[in-house]
Each structure stands twice: as structure tokens, then as C-alpha cells.
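# Got a sequence here, can you model it:
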Amino acid sequence: MKIITFSLRTQQPLLATSFQGDPNSDVSYSYIPGSMIRGAVIRRYMKQHGLSELDLAKDEVKRLFFDGNSTCYLNGYLQSNDGYLQSNEGKRTLPIPRSWFKEKNAELTDESPILVYDFSPERGDELENPKPVGEGFWTTERGSINYYTEKRRINIHNQRDRKKGRSTQGEGEIFRYEAIDSEQTFQTVILCSSETDVQIIRDLLAKSSDIWLGGSQSAGYGHTKITNISNIIDTNAWNEVNIPIDDDRTDREFLTVTLLSDLILRDDCGQYAIIPPSTKHEISAPLTRELKKVLGGEIQPQRCFTSSTIIGGFNRKWGLPLPTVPALAAGSVFVFELGNFSLTPEQIQAIEIKGIGERKTEGFGRVAINWLNKKEGFPLKLPNKSSSIYSPGLQTDISRTLATQMAERILDKKIEQALQNYLGRKTIKGDISNTQLSRLELIAKQAVTTGDCNLVLLLLNNLPPHASSQFERAKIEPNENNYYLKQQLENWLIYPDTWSWVSNQQELKVNIANVERSINDEFAKTNKLAEKYTLRLIMALAKKATKEEYR
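Next up, the predicted model:
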């Protein structure tokens, strides 16, 4: 077998419809199905040869598109690093195993990873309330295990008359599309039986970088670009999980099977079945029988972590949807006890390259044998989105200047929002006259242009006794620290850099194409953002209090 790898960069939202949502909504898969990629290659093949339909009796056609032992089109999964780093095009991520568990209340954020335990080797007592990590993708980068999930876009459409271009009487039904968003990179693989087939498919892929995938293409969906088409790689130097088949994977007491894509199997009666292997069943589950056939030995099911899904599709030749079938979902993990035989590297390689089950040519039935063996907990983290691998570098001074201006304006907007949130919760209460409040507002207004807090401090320190007593009796309510108005104002004015009135300081940071702006950086200090917004806050509080009828 030979390998072709390439990336697909979405230029428009992509709708790879799954069987989720209600009848008036289309929800996309989180990946690009191999059947969709195969269909796009078939269209190019037909156009190149001037065909209106394929000749299924032709050996080349069967070999390229319909024989799972000759050519397999694997699913396009998210690419790590999103392809921005020039020296590293990123890895093809893989589905999260369903044997991964975390503490129930643990939440994965940019700042903090979560501790994950793999229950497939054995289930420990480290977690009080274990909960599956859930769906998504992962890969190992620089020694860290990173979690990836696709970005989605929700669009609302309404049914309309094709000729008039608008809804008419009896039409106008609303549809909701949840699609894979644009500007995301997916990496896929095509397995071929010969170098001749590799060259044919490579030529078809290289014919144009623009390709259209999925549904609703006339409505602004599906435009994708093909990039990074690989050289021919022999399968002896490649496997889907990027780890060698060594003694660590062959010399194990148990056989662990992890599904890297959905798996379609039939039972003894020829019906599609999603029966998980179990010692409680007198009749072997379809997966157990399939593995026994491939391995040539006895295996006994021990435990499994699985889920099921419904597989369908659309046949453009028929203009009709494909029949739906149940399948075991990607990420499912099955553990078997080996009988009186040992696994060989050749057996593992044969299963991982050929796959198992039906519709292998469309990417179904991809498995990994004895892949994971982590008995201790390990951290799962989000990739560092602020690094240069996620943000394209700016090439010109004009671009950098524009990015800087954008970052500064967005930061101003965020601070303004924080100020408005504070004002919405607070007001000045107590026996203080409008005259004193107006004087405070006027001095703060004079000082805000230069950010000179000393002008307001000078006012507070030189008030007549009667006016000073008003500031010392009034309070800003609600009052968490029990400060009187004068004490609170002095605290803000002397220490403006603390931004003590901002509750979400960690969110007051902006990054535009690696140009960062925050409330505590050199830009903020040079432009006296802390002083100016503190003075604006005092102005706004005083103005709000003068307009209130009761204090």
C-alpha cells in the first residue's frame, strides 16, 4: 500500500450533513467524511475523461473508487497547529477515545488543563465522579496532549421560489444549518495499492486547488482548497496513530481495539448490528467474530467503552439519500483477553492498514491495536492559541500598524464595557449635595485629558470642613469594603494601576495577529489608561448621583 496525505482548508462553511437535530435543521459532522472526498475525486475523474457516468466493469474504476482492498479514502480530521507554522504543517488529529474520563466538574479552559484517566487498561479509584471527556480530537505536540474541536457556524435560511428568488404563498419554511466554519484545516489520507494509482489520484488532486464539498454548494457552502499534497510514502514507515509497532504493542496480556472512524458490521443474519462484545452474550458479537477471523485465535471480551451512531449520505447519481445504517461510533474502545497466542507486528499492521467491517473504501472501519496504555492520569490541555503557529505573521509595516490600531480600539471598547458594567451596579448614597458632586465631576473632567489624578486629590485634600464631612459620610453602594466616599476615591486615585473596580481583569487583553494590548502593558502605561479611566469613572459616578432623586 502507498500513501497520499493532503490538507483541506475551508474557504466557506462546509455542510457534511449528519443525522442530528430536528427535521428542519442540518447539522454537520465534525469532520470531512471519506465518502465526500471520494465523491469529489470521482467528479474530477469523470470530467477529465469526458464521462457522463462511470463504467463499473472497468478494472481501473473499481480499483480507484469501489474496492476497499485497493483504495481507501480516510476521513479528514482537524489538523493541529492549523497549518500556519512554515516548518511544521501540523498533524492529523484523531478522535478522543471514549475510555478517557475526567472529574465530573472539571472544565477545560485556556488557562487550566484537566486531569484525564484512561480506563481501558484498568479502572482506578482516582476519580470520585468520573465523566467521559466527550467528543473532539486530540494529538501529542511537544510532549503535551492537546484537545481540538472544530468551529461551527449557524445560519438560518428560508425556503423560496427558485424563479422569483423569494418566498411565495405556501412556502417560506425556515431551515437551520449548523456547518463547519470557514478558515479551518483538515488533513486526510488516501491509501492506494500501487504507485500507478497514486499517480492517477495525485494528478486529479493537483488539477486545481479549488474543490467543492458537501451540500448546499449553490447557497455559499463547500468551497475548499487542497494544500500540502504529500510525496509517496510506503506504509512500512507510516501508520495512522504515528507510533511504531514495537514490543510494547505486541507483548501485552490484553488486546485493545480503538476505533479511529465509525465501524459498520453485520450479524449472523446479515443485518447491520451495533452489539458491543460482552461475556454475557452466548453468541459472539460481530466485532469479536471479525477479530477472530483476522487474528486466527480465541479472544474473550473484557470491557468496552462505546457509543453508536447512524450513517447515511447522499448519492448524486441517484439524486437520493442513501439508506441509513447503524454503526459503532469513532472513539469506541474494546478490551479483549488474548487466548493462547501472541500478536505479531505483521498482524497489527495488516489490521490497521486494511481496516475491518464494511465500506472501508469510504474510510469506515479504521482501527488502532494496542494503541494507548497510560495507567496514570495525564493532563489534557487546549493548544496555545496565542502562539505564532495560530496567528499569521504580518509582513508589512502597514499591516502591523493596522493590527495595532485594531487591538487598541478593541481594548478601549472592552474597558468601556467594564466601566459601564460597574456603573450599572453602583451609585453614590448619603448626605452629599449636588454642588459637591458637580465640583468633583468638573475637576475630574479637567484632569482626564492629561490623566493627572493629583488634581482630584488636591481637591479632596483642600475641601472646607463642611464639604469634607459630606465626602466622609457618603458611600458608594453596594459597598463591599465599607469605605466611605472620600477614602474610596483616594484609593482609586493613588493606586489606579490596580484597576480595583474591574472584576474581570484577565479578559482585558487583546491579540490581533500577534499584536497584544492589555491594561498593564507599556502602551497602557505610556498612555495613562489606568489614570484616564479612573477619572472617567469618578466623573460618571458623580454625574449619575446628581441625576438621582434620592440618595
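
# can you map out the strands along the stretch 401-550 of the chain?
For the stretch 401-550 of the chain, the strands defined by DSSP state E, counting those that start in this stretch cover 427-429, 475-477, 509-512, 515-518.

# And for the second one, what's in contact with it?
Applying CB atoms under 8 Å, 6 or more residues apart in numbering, the contact partners of strand 475-477 are 426, 427, 428, 429, 430, 483, 484, 485, 488, 541. In short, each C-beta sits where N, CA and C put it, glycine included.

# Also the first one?
With CB under 8 Å, 6+ apart as the test, strand 427-429 has contacts from 437, 474, 475, 476, 477, 485, 541, 542, 544, 545, 548, 551.

# lowest-pLDDT helix or strand in this structure?
strand 233-234 (a mean of 64; mean pLDDT, DSSP states H and E).

# Mind checking what helix or strand follows that strand in sequence?
Later in the chain than strand 233-234, the nearest helix or strand by DSSP states H and E is helix 247-250.

# Next, the buried residues of that next one.
Residues of helix 247-250 classed as buried by neighbour count (16 or more other CB atoms under 10 Å): 249, 250.

# Over to stretch 434-445?
So, applying 16+ other CB under 10 Å, buried residues of stretch 434-445: 436, 437, 440, 441, 443, 444.

# Need the residues you listed in JSON lines (columns: pLDDT).
Output for these, formatted as JSON lines (pLDDT from 0 to 100):
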{"residue": "436", "pLDDT": "91"}
{"residue": "437", "pLDDT": "91"}
{"residue": "440", "pLDDT": "92"}
{"residue": "441", "pLDDT": "92"}
{"residue": "443", "pLDDT": "93"}
{"residue": "444", "pLDDT": "93"}
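
# which one among the residues you listed gets closest to residue 147?
residue 444 (47.3 Å; CB to CB).

# Correct me if wrong: residue 219 contacts residue 157.
Yes: Residue 219 lies in contact with residue 157 (CB atoms under 8 Å); the separation is 6.9 Å.

# what number of residues lie near the closest residue to residue 506 other than its chain neighbours?
Leaving aside its chain neighbours, residue 506 sits nearest to residue 111 (7.9 Å; criterion: CB to CB, 6 or more residues apart in numbering). The number of residues packed near residue 111 is 7, by other CB atoms under 10 Å.

# Ramachandran angles for residue 303?
Backbone torsions for residue 303, taken as degrees, to the nearest 10, come to phi -160, psi 160.

# quick one: pLDDT of it?
pLDDT for residue 303: 90.

# and the gap between it and residue 73?
32 Å (CB to CB, to the nearest Å).

# which one of the two has more residues nearby?
residue 73 (28 against 19).

# so the more buried one sits right up against residue 359, yeah?
No: with contact defined as CB under 8 Å, residue 73 does not count as touching residue 359 (10.4 Å).

# any shared contact partners between those two?
Common neighbours of residue 73 and residue 359 (CB under 8 Å, 6+ apart) are residue 35.

# right, and residue 156 touches residue 174 too?
Yes: contact status for residue 156 versus residue 174: in contact at 6.4 Å, counting by CB under 8 Å.

# hey, what's residue 266 bridged with?
residue 272 (DSSP bridges).

# okay but it is in contact with residue 285, surely?
No: with contact defined as CB under 8 Å, residue 266 does not count as touching residue 285 (11.5 Å).

# Now do the shared contacts for the two.
Shared contacts of residue 266 and residue 285, counting by CB under 8 Å, 6+ apart, come down to residue 273.

# neighbour-wise, which of the two wins?
Using other CB under 10 Å, the more surrounded residue of residue 266 and residue 285 is residue 285, with 20 against 15.

# Appreciated, that's everything.
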